[in-house]
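Student: Provided below for reference: sequence and predicted model.
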Amino acid sequence: MAHQSGQKSIFITGGASGLGREVARYFAERGWFVGLADINDDGLAETAAMLPEGASSIHHLDVTDRKQWTSVVEEFGAITGEQMTVLFNNAGIGTGGPIQEMTDEDIDLMIAINFTGVISGTRACFDLLKATPDSCVLYTASAAGIYGVADLSIYSATKFAVRGLAESHDIEFRKYGIKSRSLMPGFIDTNIISEVAEGSNMSGKEMLESSGVLVSPISIIGPEAWKAVHGDKVHTPVNKMAKQLAFAARWMPGQLRKQSVALTSSLGEILAGADQPPKS
């Protein structure tokens, strides 16, 4: 907890793994102080160990718990002198399957984490962001928030909702000096797609690539998050797939629907074999 006066800071939910971990590493290497938040305490410790000594603080946080949000933001503010340059509102899950086969509990949890928890985060951090010059809330949306994905309909809907938050807050927060931005990644090479899918000798990554779907290395996310925070665009599609999807959704929606049918079978097999839901 060696935050220096005037040092820029970023508070990251979902900081125990995946995109959150990589963004933490990237920003810490550029001299930022990083607040790491997650329910996975072991993962948080592993992420912190990857960062320069004294460059981070660890906060146990269930994003569905508003009281925890209040508590951890107070902790972070006490460390940083009531400053937060960036809130990386990133935590999310992505269980899938046909909507009629999903359980009520799975649906409710995904909405609670991916959407309600994101709202709670912005509300809890608002005062710190407002008190910090040139601050930004950075949302993790998804390429699934550009065009709906079959067998990921609830996940996709939550990411459309997050996209709406980013656009609304880009206008709403301007008078407070707070920018609002979103990352819209396509498939990124994280643990969930590196595992061998059930009933197959291929990993999720190999199945996606065999269907012609680009899977990008995790290292792509840090520079894209940095660009989003410091740039003028509300949405930042991450990787070639997301950029192509954004173009096709606008100009060739019919062709995109046909391509999505082929992708659905691969996604179904990957998600059926996953022990843990994919992080945003």
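Tutor: Yep, that arrived.
Student: now residue 180: closest residue in space, sequence neighbours ignored.
Tutor: When the adjacent residues along the chain are set aside, residue 180 lies closest to residue 169, with 3.7 Å between them (Cβ to Cβ, 6 or more residues apart in numbering). In this view, the C-beta of every residue, glycine as well, is placed from N, C-alpha and C.
Student: now do the same contact list for that neighbour.
Tutor: 122, 137, 178, 180 (Cβ atoms under 8 Å, 6 or more residues apart in numbering).
Student: and the first one, what element?
Tutor: Element membership for residue 122, per DSSP states H and E: helix 117-130.
Student: neighbouring contacts of that helix?
Tutor: Contacting residues not belonging to helix 117-130 are listed as 11, 13, 63-64, 66, 69-70, 73, 76-77, 80, 82-84, 87, 89, 91-92, 135-137, 139, 162, 165, 169, 173, 176-178 [Cβ under 8 Å, 6+ apart].
Student: next one: that helix to chain centre, how far?
Tutor: Its chain's C-alpha centre and that of helix 117-130 lie 15 Å apart, by Cα atoms, centre = their mean, to the nearest Å.
Student: pull out the buried positions in that helix.
Tutor: Neighbour-count burial for helix 117-130, with 16 or more other Cβ atoms under 10 Å as criterion, is recorded at 117-118, 120-122, 124-126, 128-129.
Student: still on that earlier bit, which of the contacts of residue 169 fall in strands?
Tutor: Within those, residues falling in strands by DSSP state E are 137, 178, 180.
Student: redo those as JSON lines? Include neighbour count.
Tutor: Formatted as JSON lines, those follow (neighbours: other Cβ atoms under 10 Å):
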{"residue": "137", "neighbour count": "27"}
{"residue": "178", "neighbour count": "21"}
{"residue": "180", "neighbour count": "22"}
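Student: dump the residues you listed to a markdown table, plus distance to residue 225 and pLDDT.
Tutor: Formatted as a markdown table, the ones in strands among the contacts of residue 169 follow (distance: Cβ to Cβ, whole Å; pLDDT from 0 to 100):
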| residue | distance to residue 225 | pLDDT |
| --- | --- | --- |
| 137 | 12 | 98 |
| 178 | 17 | 98 |
| 180 | 14 | 98 |
